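Student: Sharing a model that was predicted from the sequence below.
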Amino acid sequence: MKKFLKYALILSVCSSMSFFVACSDDEDDETQPSTSNNNSSNNSNSTCSTAQFCMNYGGTEYFGAATYSEINANRHRIKWDNGSSTNLVQMEIDIMGDTVGAYPIDGSYSSGTAAMEFFDGNAASANADTLHITAFDLSGNGISGYFTTVMSDSTAVSSGAIRNVK
């Protein structure tokens with residue numbers, strides 16, 4: 001009988017330990033609410049780390065496919081949008097140049113600078129900082145770069161990226 005009680009006690013302790021391990025509070029496995037606004041109609045597998053366009057705008061992540069257009073010989077536009085009509089959210093990035101390098105974001109539209117405008121029912125322009133162009137090859141992989149800035153309405157923009165847009 002003592003031998004049986006000894007094994008029962010050991011089994012009870014082991015069962016209790018595995019219950020506590022299995023029921024531990026592991027928050028990493030819980031689904032977190034998303035604050036992403038994905039324009040993935042052109043690329044259903046895109047994420048912020050792989051999308052042509054990505055940014056964190058005031059705490060909300062925007063990402064998806066982007067388009068390129070040449071406004072004139074010295075003005076190149078990268079445009080991302082999501083939605084339509086009254087639900088349109090859009091970012092336009094104008095690059096006044098066609099080389100790899102740092103473009104001050106000042107909205108002057110002077111050669112060697114950049115301008116950014118964000119629309120979401122209201123318009124805001126970028127005030128300062130720098131757009132870094134790391135690739136400018138329209139016949140190859142396209143335009144790539146990164147940016148952070150503060151908009152005219154004081155909204156912080158971080159983790160901005162453009163990838164292979166052409």
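Tutor: Perfect, thanks for sending it. Numbering: from 1, shown residues only.
Student: OK, contacts around residue 134?
Tutor: Going by Cβ atoms under 8 Å, 6 or more residues apart in numbering, residue 134 touches 100, 144-146. Where you see a C-beta, it was placed from the backbone N, CA and C, and this is true even at glycine.
Student: Next one, pLDDT for it please.
Tutor: With respect to pLDDT, residue 134 scores 98.
Student: host element of the closest residue in space to residue 157 that isn't next to it in sequence?
Tutor: Using Cβ to Cβ, 6 or more residues apart in numbering and skipping residues adjacent in sequence, the residue nearest residue 157 is residue 149, 4.9 Å away. Here residue 149 sits within strand 142-151, counting by DSSP states H and E.
Student: on that earlier part again, show me what contacts the residue nearest to residue 157?
Tutor: Contacts of residue 149 by Cβ under 8 Å, 6+ apart are 105, 116, 126-129, 157, 160.
Student: tell me which residues in the strand holding residue 149 are buried?
Tutor: 142-151 (16 or more other Cβ atoms under 10 Å).
Student: Tell me if I'm right that residue 98 and residue 71 touch.
Tutor: No - taking contacts as Cβ atoms under 8 Å, residue 98 lies outside contact range of residue 71: 11.9 Å.
Student: who's more crowded, these two?
Tutor: residue 98 (15 against 12; other Cβ atoms under 10 Å).
Student: mind checking the SS state of the more buried one?
Tutor: For residue 98, the assignment made with DSSP: H, G, I helix; E, B strand; the rest coil gives coil.
Student: and it, what pLDDT?
Tutor: In this model, residue 98 carries a pLDDT of 95.
Student: Send over the strand ranked longest in the chain as PDB, restricted to the C-alpha atoms.
Tutor: Looking across the chain with DSSP state E, the single longest strand is strand 123-137. Taking Å, rounded to 0.1, in the frame of the first residue of the first chain, the C-alpha atoms of strand 123-137 are listed here in PDB:
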ATOM      1  CA  ALA A 123      -4.500  66.800 -46.700                       C
ATOM      2  CA  ALA A 124      -1.100  67.000 -45.000                       C
ATOM      3  CA  SER A 125       2.300  67.700 -46.500                       C
ATOM      4  CA  ALA A 126       5.700  66.600 -45.200                       C
ATOM      5  CA  ASN A 127       7.600  69.300 -43.300                       C
ATOM      6  CA  ALA A 128      11.100  68.100 -43.000                       C
ATOM      7  CA  ASP A 129      13.600  65.200 -43.000                       C
ATOM      8  CA  THR A 130      15.000  63.200 -45.900                       C
ATOM      9  CA  LEU A 131      13.900  60.700 -48.500                       C
ATOM     10  CA  HIS A 132      16.800  58.300 -49.200                       C
ATOM     11  CA  ILE A 133      16.700  56.800 -52.700                       C
ATOM     12  CA  THR A 134      18.800  53.600 -52.700                       C
ATOM     13  CA  ALA A 135      18.000  52.500 -56.300                       C
ATOM     14  CA  PHE A 136      16.800  54.500 -59.300                       C
ATOM     15  CA  ASP A 137      16.700  52.200 -62.300                       C
END
